[in-house]
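*Asks:* Let me see the structure of the following:
(2 chains)
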Protein chains: 2
Amino acid sequence: MSSSHRLIKALTRQPVDSTPVWFMRQAGRYLPEYRQLRQNLGSFLAMCKNPEIACQITLQPLQRFDLDAAIIFSDILVIPDAMNLGLGFKENEGPFFAHPIRDKAAIDNLPIPDPEDDLGYVMKAIQLMRQSQSAVPLIGFCGSPWTVATYMVEGKSSRNFACIKSMLYNEPTWLHSLLAKISLASCHYLHAQINHGAQVVMIFDTWGGVLANREFSEFSLRYMQNIVSYLKSQVLTCAVPIILFTKHGGQWLELLAATGCDGLGIDWTVDISQARERVGHRVALQGNLDPAVLYASPERIQTEVKKVLAGYGHGTGHVFNLGHGIHPEISPEKVQVMIETVRQYSLVYHQKEKIYAS
Amino acid sequence: MSSSHRLIKALTRQPVDSTPVWFMRQAGRYLPEYRQLRQNLGSFLAMCKNPEIACQITLQPLQRFDLDAAIIFSDILVIPDAMNLGLGFKENEGPFFAHPIRDKAAIDNLPIPDPEDDLGYVMKAIQLMRQSQSAVPLIGFCGSPWTVATYMVEGKSSRNFACIKSMLYNEPTWLHSLLAKISLASCHYLHAQINHGAQVVMIFDTWGGVLANREFSEFSLRYMQNIVSYLKSQVLTCAVPIILFTKHGGQWLELLAATGCDGLGIDWTVDISQARERVGHRVALQGNLDPAVLYASPERIQTEVKKVLAGYGHGTGHVFNLGHGIHPEISPEKVQVMIETVRQYSLVYHQKEKIYAS
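*Replies:* Alright, predicted model coming up:
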């Protein structure tokens, strides 16, 4: 079995020879070759919008490491950028919007982007990746409507989420209108990504974990559910595995699994063994090494990777990953140790499956 | 029954007439009278270190609102300040230490502060509070050793916790030495607070939720357990209710309840009804309105407060609070609505108890 299939098999809980491995932000700032390119080319957004460069960056980690997936180099905020909110990135401060959403009129006036026209650069990058030498599956992605909305309403990264939570509690119908629009745009966008060659899609719900328990269902989960239901109802997209990842969403795994998605990302605060007991008969689990483990010595990294593998235990359904994006200051040598440890020490957990998988 | 006893009764799960209410950061920046005082007196730390001022600030919310507790105006970082790390506060950036902990020698050289000598200003403020007209119980507090250590090692607020997690994974014995010292200092400190008049104590574990599941037990919970066990073993302190609060610790409520504490703070991401099912036969629960609800209209605040009350349901053992500190931009009028709603709508949940409580 080639590694190009290992990710798909694990996500659909078919037998595999070893645990597939990739990691969030694997194409990014911790790589010297990425920083080099960025120095020459300028802004992060300009790189996202240049399909050749985006493809080149997507390939960078694959040229260094024995990974089981590529993830297209892009950003969750390209949808609101295509809605004309004026996306920019400030060094060390993160994204901002020139025209944040603050009233009903602004929501009503938002266009639904056409993925082919308005986000054609992402489609082109996906096509280029599929024409490349890469033999591993390509993951497409978008943000969850709630997470994307937080940036659109706050206008930037936030600690308190004062603006969007004011809207949530004072004008919930406005927020639902906004979320419905982002959700519809995301359905079209992921559909198009699959059409152009994405073989797995992932929805990043980075800020679902700041919602109160009841509000998580109403304002985040519901709209991820919409996207999952849409993709599962379309002939083109119904067989493509979908991964949902709510950071700090450990207490909602059952709800997330019930959406009909194929895999759940889990952060490092979750015990993977307990998570498997709770939902592992319904979905694959992706995670969940603390990204900060990569500050440790190679020996300690090995120990911690082995704990994650042992935590999931025997059988398919595990995609090894970090519990969140890699930190920019991590050295690639540490990543190498993590990946080699997964390769070497995951074999034992799949020995019985080999008979079927070979 | 006077409101001065309501908090203690709820924490020890004795019948009450209505649900007691106080809230985190109730003495602070959202109050115009606090901002006025601060403008005249300068730094936050200088105010903490002036017992008359600290007492005055502690009293401010009680003069406005019908609250069931006072919490001494102070900061979790006074212990490392007393360890000579050079605490300061930068406007809008939070705390920093002039001499962060980065090696074993720095840990070995840390003194254990004497609460009477080195933190006498806190003791004096507590005494002044007990001599004041306030009729409600006074809560003393400290940070959890893990949370305090994050600031001591990072030197400031952090997003990635790179320095302390490097220490955790590379030099765990150093970190355990540090945590043991903070824990010992905290035992002495809370003991002294109780000696001077604190009637409840609370341990704030603001950053326990950034730890991986296994590491939470080893590096945060264990040291909170040490403090609880110490206080419960001392004649002076054994009857004083202890509240533990790990933010983003919803998945660890059983572990926290098993420490022998009396109450658990829960943040707004936790369903209070489920939390009660899980641990409510062992501990009281304190929380858990999303602080962002206070951006909403009075009507919506009422609705959300009622949901929290109904979520806990009938019987004693609930202390109404926010799920985290109040945001500085909230208007006091909104706080008034919250408190009045608790007063009015919690009565029904205690009607059967009244027979015993009256």
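
*Asks:* quick one: secondary structure of residue A:310?
*Replies:* Assigned with DSSP: H, G, I helix; E, B strand; the rest coil, residue A:310 falls in the helix class.

*Asks:* how close does it get to residue B:217?
*Replies:* 17 Å (CB to CB, to the nearest Å). Where you see a C-beta, it was placed from the backbone N, CA and C, and this is true even at glycine.

*Asks:* For the longest helix along chain A, buried residues please.
*Replies:* Using DSSP state H, we find that the single longest helix of chain A is helix A:172-195. By neighbour count on 16 or more other CB atoms under 10 Å in any protein chain shown, the buried set for helix A:172-195 is A:174-176, A:178-179, A:181-194.

*Asks:* And the helix or strand where residue A:253 lies, what's buried?
*Replies:* If you go by DSSP states H and E, residue A:253 is part of helix A:253-257. Within helix A:253-257, the residues scored as buried using 16+ other CB under 10 Å are A:253, A:255, A:256, A:257.

*Asks:* between those residues, which is closest to chain B?
*Replies:* Checking the buried residues of helix A:253-257 against chain B by CB to the nearest CB gives residue A:253 as the nearest, at 10.1 Å.

*Asks:* Next up, the contacts around that closest one.
*Replies:* Counting by CB atoms under 8 Å, 6 or more residues apart in numbering or on different chains, residue A:253 touches A:264, A:266, A:270, A:275, A:278, A:279.

*Asks:* what does residue A:311 give?
*Replies:* A:271, A:272, A:273, A:276.

*Asks:* so the third one is in which element?
*Replies:* When elements are defined using DSSP H and E, residue A:273 is found to belong to helix A:272-279.

*Asks:* For chain A, which segments are assigned as strands?
*Replies:* Secondary structure of chain A (DSSP state E): strands at A:70-71, A:87-90, A:94-97, A:138-143, A:200-205, A:242-246, A:263-265, A:284-289, A:318-322.

*Asks:* export these to a markdown table and tack on mean neighbour count, distance to residue B:153 and mean pLDDT?
*Replies:* As requested, these are exported to a markdown table (neighbours: other CB atoms under 10 Å in any protein chain shown; distance: least, CB to CB, whole Å; pLDDT from 0 to 100):
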| stretch | mean neighbour count | distance to residue B:153 | mean pLDDT |
| --- | --- | --- | --- |
| strand A:70-71 | 26 | 33 | 98 |
| strand A:87-90 | 16 | 28 | 92 |
| strand A:94-97 | 18 | 24 | 94 |
| strand A:138-143 | 24 | 32 | 98 |
| strand A:200-205 | 25 | 30 | 98 |
| strand A:242-246 | 26 | 29 | 98 |
| strand A:263-265 | 27 | 29 | 98 |
| strand A:284-289 | 27 | 21 | 98 |
| strand A:318-322 | 28 | 22 | 98 |
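
*Asks:* Identify the residue nearest the closest residue to chain B within the stretch 1-150 of chain A in space, chain neighbours excluded?
*Replies:* Per CB to the nearest CB, residue A:94 is where the stretch 1-150 of chain A lies closest to chain B, at 10.6 Å. Of all residues beyond its chain neighbours, the one nearest residue A:94 is residue A:157 (4.3 Å), with distances taken as CB to CB, 6 or more residues apart in numbering or on different chains.

*Asks:* can you check residue A:308 too?
*Replies:* In space, residue A:308 is closest to residue A:289, 5.4 Å off (CB to CB, 6+ apart).

*Asks:* Tell me who's in contact with that neighbour.
*Replies:* Residue A:289 neighbours (CB under 8 Å, 6+ apart): A:268, A:304, A:305, A:308, A:320, A:321, A:322, A:323, A:338.

*Asks:* about what we covered before: and the helix holding residue A:273, what does it pack onto?
*Replies:* helix A:253-257, strand A:284-289, helix A:298-312 (3 or more CB pairs under 8 Å, 6 or more residues apart in numbering or on different chains; DSSP states H and E).

*Asks:* let's go with 6 Å and repeat that
*Replies:* Contacting helix A:272-279 under the criterion 3 or more CB pairs under 6 Å, 6 or more residues apart in numbering or on different chains; DSSP states H and E are the following elements: helix A:253-257, helix A:298-312.

*Asks:* I'd like to know which of those helices lies nearest to residue B:25.
*Replies:* Closest to residue B:25 of those is helix A:253-257 (CB to CB; 31.1 Å).

*Asks:* Check the offset of the closest one from the chain's centre.
*Replies:* Put simply, helix A:253-257 sits 17 Å off its chain's centre (CA atoms, centre = their mean, to the nearest Å).

*Asks:* Please write out the alpha-carbon positions of it in PDB.
*Replies:* Provided in PDB are the C-alpha atoms of helix A:253-257 (Å, rounded to 0.1, in the frame of the first residue of the first chain):
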ATOM      1  CA  LEU A 253     -16.700  15.200  20.500                       C
ATOM      2  CA  GLU A 254     -20.000  13.300  20.500                       C
ATOM      3  CA  LEU A 255     -21.800  16.300  19.000                       C
ATOM      4  CA  LEU A 256     -19.100  16.800  16.400                       C
ATOM      5  CA  ALA A 257     -19.000  13.000  15.500                       C
END
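
*Asks:* Now do that helix, average pLDDT.
*Replies:* The average pLDDT for helix A:253-257 rounds to 98.

*Asks:* Over to stretch A:33-41?
*Replies:* For stretch A:33-41, the mean pLDDT works out to 92.

*Asks:* Kindly report the residues of chain A close to chain B.
*Replies:* Of all the residues in chain A, those in contact range of chain B (CB under 6 Å from any CB of the partner chain) are A:160, A:165-166, A:169-170, A:212-213, A:250-251, A:268-269, A:271, A:290, A:292-293, A:295-297, A:300, A:327.

*Asks:* one more time with 8 Å, if that's ok
*Replies:* Within reach of chain B by CB under 8 Å from any CB of the partner chain, chain A has these residues: A:160-162, A:165-166, A:168-170, A:209-216, A:248, A:250-251, A:268-271, A:290-293, A:295-297, A:300, A:304, A:307, A:323, A:327, A:329.

*Asks:* Show the buried residues in those.
*Replies:* By 16+ other CB under 10 Å, the residues of chain A next to chain B give A:160-162, A:165-166, A:168-169, A:209-213, A:215-216, A:248, A:250-251, A:268-271, A:290-293, A:295-296, A:300, A:304, A:323, A:327 as buried.
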